[in-house]
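**Student:** Sequence unavailable; structure follows:
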């Protein structure tokens, strides 16, 4: 008997959590779901599930798209399973995009309740719709870049939901990750006519070059980490609008979200100790210096006695989806 082929299904979900989000982004979202070869052949067989979070500037479903000179995520997962490197699993790729290019996967007064959307709506939706093993010991979360930040943050916040995680080239140690961009933010906004003008022009800006992505990333961080319902756009900028100097009060609020700083809280440390697998990797030559944060995280976890796997590889930040070959099989093994 020939096994039924793997496939990707796309659910459309009308979120109540995201209704009336501050940015007015759509509340009806797509969720891409990878189903492994043979899924349709055994009605009583259930699978572990991994949630894969995209980096800033992308969405979960878009990760399934064709990429030039590369394999699709579906083909990558197929190859891991077909070769025996990974047991069959369900992989879920949610859409958590905002007009600022991402949500950072947290609840924010500046963007909306994307953490609640994930854990209160999408996880139950997937468990209702597919043959998952619906418990934390068989449910993991992973991502790279902003998705890596989201994965470790959700593991810290919800050990009762996610039993393993992979943080790959994650946004960590914000003195290195964020401050360089903030030092340029004021000048970039001046060139664009201020924050109001930049936000209004985002869809039409051409070209969307490196300077654009630098600025949209810092605006995204501002909305995620500097949420303030009383501010004109629902969030505070971390720099003075006149001088460009760092606003220490707002910056302090940002640092509360840095996973490195969260390790000072025993609650979050205990959450990571509960993980069946904590996988962390980073490129040695990351263009955003994220290897520094990964090394600091590794050292702190070692000092705290938190079991984890840490790897560095000789590459940078971009186009490193091939590293899912290292993380995904380990996650599925831990969840099986």
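**Tutor:** It's in. Computed from a predicted model, the values in this text were never measured in an experiment. Residues are numbered from 1 along each chain as shown.

**Student:** Nearest residue to the residue sitting nearest the centre point of the chain in space, please, no chain neighbours.
**Tutor:** Centrality entry for the chain: nearest residue to the mean C-alpha point is residue 147, 1.8 Å, by Cα atoms, centre = their mean. Ranked by Cβ to Cβ, 6 or more residues apart in numbering and with sequence neighbours excluded, the top spatial neighbour of residue 147 is residue 53, at 3.5 Å. Bear in mind the C-beta positions are built from the backbone N, C-alpha and C, glycine included.

**Student:** where does that neighbour sit relative to residue 103, distance-wise?
**Tutor:** Taking Cβ to Cβ, to the nearest Å as the measure, residue 53 falls 10 Å from residue 103.

**Student:** Overlap of the contact sets of those two?
**Tutor:** residue 96 (Cβ atoms under 8 Å, 6 or more residues apart in numbering).

**Student:** pretty sure the residue nearest to the centre of the chain is in a helix, no?
**Tutor:** Yes. With DSSP: H, G, I helix; E, B strand; the rest coil as the criterion, residue 147 is part of a helix.

**Student:** Isn't it up against residue 51?
**Tutor:** No. Using Cβ atoms under 8 Å, residue 147 makes no contact with residue 51, being 9.7 Å away.

**Student:** any weak-confidence spans in the stretch 151-300 of the chain?
**Tutor:** Under the criterion pLDDT under 70, no range of the stretch 151-300 of the chain is flagged.

**Student:** And the helices in it?
**Tutor:** Taking DSSP state H, counting those that start in this stretch as the test, the helices found in the stretch 151-300 of the chain are 174-177, 179-191, 195-201, 210-225, 248-255, 259-262, 266-273, 290-304.

**Student:** Would you map the strands across the stretch 1-150 of the chain?
**Tutor:** Along the stretch 1-150 of the chain, counting by DSSP state E, counting those that start in this stretch, strands occupy 7-14, 28-35, 49-53, 90-94, 107-108, 112-113, 139-144.

**Student:** Parallel or antiparallel, which strands does the fourth one pair with?
**Tutor:** According to DSSP bridges, the neighbouring strands of strand 90-94, each with its direction, are strand 28-35 (antiparallel), strand 49-53 (parallel).

**Student:** Not counting its neighbours along the chain, what's nearest residue 298?
**Tutor:** Nearest non-adjacent residue to residue 298, counting by Cβ to Cβ, 6+ apart: residue 310, 4.4 Å away.

**Student:** mean confidence for the helix or strand encompassing that neighbour?
**Tutor:** According to DSSP states H and E, residue 310 maps onto strand 309-313. In this model, strand 309-313 has a mean pLDDT of 98.

**Student:** The helix or strand that it is followed by: which residues count as buried?
**Tutor:** Next helix or strand after strand 309-313 toward the C-terminus (DSSP H and E): helix 324-335. Residues of helix 324-335 classed as buried by neighbour count (16 or more other Cβ atoms under 10 Å): 324, 327-335.
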